[in-house]
Each structure stands twice: as C-alpha cells, then as structure tokens.
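**Q** Here is my input; please provide its structure:
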Amino acid sequence: MKRAIILLVAVLFVLAAAPAFAQGQAQAPQRMEVKMDGIGTVSAPIQVVVLLTLLTFVPAILMTMTCFTRIIIVFHFLRQAMGLQEVPSNQILIGLSLFLTMFIMAPVGAKVNDLAIQPVMAGKMTTVEGVTRATPPLRDFMLRQTREADLAMFIELSKTPRPAKADELPMRVVIPAYIMSEIKTGFQMGFFVFVPFLLIDLVVSTSLLSMGMMQLPPAMISMPFKLVLFVTVDGWSLVVKSLVRSFM
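**A** Got it, this is the predicted structure:
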C-alpha cells in the first residue's frame with residue numbers, strides 16, 4: 001500500500017510538471033502584423049469609420065437623391081388603382097424600383113466614377129476633393145427635375161442670396177427642392193394612372209345600381225375588367241416607359 005501511494009504521488013508530480021516543461025520547450029509564438037493602407041491621404045482606420053457612418057445614410061440617399069421616389073410612388077398608385085393589395089408584393093415593387101433606378105442613374109454614376117472615384121482610388125486627389133468633384137453631375141441631374149418654384153421657396157427659407165447660375169446653388173437647397181418636386185411629379189403621374197381605373201369603377205357601380213344589385217361589391221366585378229384592360233394595353237411596359245422617359 002505504501003509503495004502504491006508513493007508511486008501515485010510520483011505520477012501526479014510528473015503530470016503537473018509536464019505542461020510547464022512543454023511550455024518551456026515550445027517555441028516563441030510568431031507575431032502577426034496586419035498592414036492597412038488607406039486610400040489617398042486618409043488612413044485606413046479613419047476611412048473605415050467614415051464608411052460605416054455613411055452606410056447609415058445610404059438608404060436615405062438612395063430614396064431621396066435619385067429617381068427612386070417618383071418610381072415607387074407611381075407603382076403604389078398603380079396597385080391601389082387596380083384594387084390589388086398584395087400583388088405585386090412590396091418586395092417586388094421595391095426591387096423593380098431599385099433596378100429602374102440603377103438603369104436611369106447609370107450615366108450619372110459613370111460620370112461620378114470617372115471624375116471622383118477612380119482618381120481618389122488611385123491617390124491622385126484627396127477624399128474631400130473627390131466629394132467636391134462628384135457633386136456637379138448629381139446636382140445637374142437633380143436640377144433638371146426640380147421646379148423653379150421649389151428652388152425659390154428653399155432659397156427664401158434658407159435666406160441664401162440668389163445665385164447668378166444654378167450651378168452655384170448649395171446642395172442643402174437643391175436636395176430638399178428636388179425631393180419636393182419628385183413627390184409632386186409622382187403624385188401627378190399617379191393621378192393619370194388612376195383615372196382609367198376610376199372610370200371602370202364608376203361604370204361598374206352605376207351598372208350594378210341600375211340593375212338593383214346593391215348587395216354585390218362593385219370591386220369584385222370591376223377588378224377583372226381592370227386586369228383585362230391593363231394586360232391588353234401592356235400596362236407595365238407603358239408605365240415603365242413613361243417613368244424612364246420622364247427623366248430624359
């Protein structure tokens with residue numbers, strides 16, 4: 001029994017000393033260094049922080065500073081006019097609006113890429129200079145779609161001196177004026193889309209009332225006629241074509 005106890009204690013000492021011995025024999029761990037190069041004159045960590053901050057504004061920029069606002073408003077009016085609540089779904093309408101936005105904004109994006117993004121990536125100019133050079137193409141696009149009345153209103157509200165040229169307008173005036181103009185234009189186009197379907201609803205309601213079928217919902221009868229009319233005239237092509245041409 002004594003020998004067994006002594007042998008057990010010796011084994012425990014060996015097991016306890018094994019990790020320390022192995023740690024002493026192990027080689028020193030290698031140091032890993034990660035080098036991050038910035039774009040232009042701005043260091044990479046600062047660019048990461050700026051990029052993460054700007055990502056929170058990307059949805060607002062996409063919905064307000066592009067043609068997305070007008071397109072989604074017209075699609076919403078179209079679905080309501082046809083009496084369809086969930087077809088096409090919101091995901092489909094938003095996806096179609098996004099791809100149409102990319103299609104319409106492609107020339108502006110190409111100009112911004114040539115004037116600002118590529119020179120900044122190549123280190124030929126600073127990030128601030130790149131933002132300054134990227135502003136004119138976007139400003140020109142928004143000014144072409146903005147009403148003079150909306151521009152005058154925001155110039156007056158901002159108490160900014162009236163510039164000699166439209167290119168001298170600050171973006172803090174151009175952006176809200178452009179958003180207001182897009183909402184107005186979207187509602188106007190939505191109204192013209194709504195009128196034909198409204199006439200169908202009136203004809204069906206009058207017909208049912210004259211036949212004394214007041215218990216029958218008019219929307220149930222008018223919806224098939226709306227779908228037939230919309231498919232017959234190739235409505236989606238007409239609506240999309242009108243939206244794209246409205247920005248040219």
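**Q** okay but Gly186 is in contact with Arg70, surely?
**A** Yes - using CB atoms under 8 Å, Gly186 is in contact with Arg70, at 4.3 Å. Just so you know, the C-beta spots here come from the backbone N, C-alpha and C atoms, and that holds for glycine as well.
**Q** So these two - more neighbours on which side?
**A** Arg70 (27 against 22; other CB atoms under 10 Å).
**Q** so which strand or helix has that one?
**A** helix 68-82 (DSSP states H and E).
**Q** Could you name the helices and strands sitting against the next helix or strand along the chain from that helix?
**A** Sequence order places helix 90-112 as the next helix or strand after helix 68-82, per DSSP H and E. Packing contacts for helix 90-112, counted by 3 or more CB pairs under 8 Å, 6 or more residues apart in numbering; DSSP states H and E, involve helix 68-82, helix 127-145, helix 235-245.
**Q** would you list those in CSV and tack on distance to Ser210 and mean pLDDT?
**A** What follows is those, written out as CSV (distance: least, CB to CB, whole Å; pLDDT from 0 to 100):
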stretch, distance to Ser210, mean pLDDT
helix 68-82, 24, 89
helix 127-145, 46, 82
helix 235-245, 29, 89
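**Q** wouldn't Pro218 be in contact with Thr206 here?
**A** No - if you go by CB under 8 Å, Pro218 and Thr206 don't touch, sitting 9.1 Å apart.
**Q** out of the two, which sits in the more crowded spot?
**A** Between Pro218 and Thr206, counted using other CB under 10 Å, Pro218 has the larger neighbour count: 20 against 11.
**Q** Disregarding flanking residues, what is the spatial nearest neighbour of the more buried one?
**A** Ser205 (4.4 Å; CB to CB, 6 or more residues apart in numbering).
**Q** got the contact list for stretch 101-117?
**A** 62, 66-68, 71, 125, 130-131, 133-134, 136-138, 141, 244, 247 (CB atoms under 8 Å, 6 or more residues apart in numbering).
**Q** Neighbour-wise, give me the winner out of those.
**A** Ile71 (28 neighbours).
**Q** quick one: it and Leu100 touch, right?
**A** Yes - between Ile71 and Leu100 a contact is recorded at 5.5 Å, counting by CB under 8 Å.
**Q** count of residues packed around Met223?
**A** Met223 has 18 neighbouring residues, counting by other CB under 10 Å.
**Q** Could you double-check that it sits in contact with Met82?
**A** Yes - Met223 lies in contact with Met82 (CB under 8 Å); the separation is 7.3 Å.
**Q** Quick check: neighbours shared by those two?
**A** With CB under 8 Å, 6+ apart, Met223 and Met82 have no common neighbours.
**Q** Any figure for the gap between the residue positioned nearest the centre of the chain and Ile94?
**A** Taking CA atoms, centre = their mean, the centroid of the chain lies closest to Leu62, which sits 3.5 Å from it. Plainly put, Leu62 is 11 Å away from Ile94 if you go by CB to CB, to the nearest Å.
**Q** From Leu243, how far off is the residue nearest to the centre of the chain?
**A** For Leu62, the distance to Leu243 (CB to CB) stands at 16 Å.
**Q** helix or strand right after the biggest helix by length in the chain?
**A** If you go by DSSP state H, the chain has its longest helix at helix 171-210. Proceeding N to C from helix 171-210, the next assigned helix or strand is helix 218-232, under DSSP H and E.
**Q** centre of the chain versus that next one, how much separation?
**A** 33 Å (CA atoms, centre = their mean, to the nearest Å).
**Q** So what touches it?
**A** 81-84, 196-197, 200-201, 204-205, 208, 235-236.
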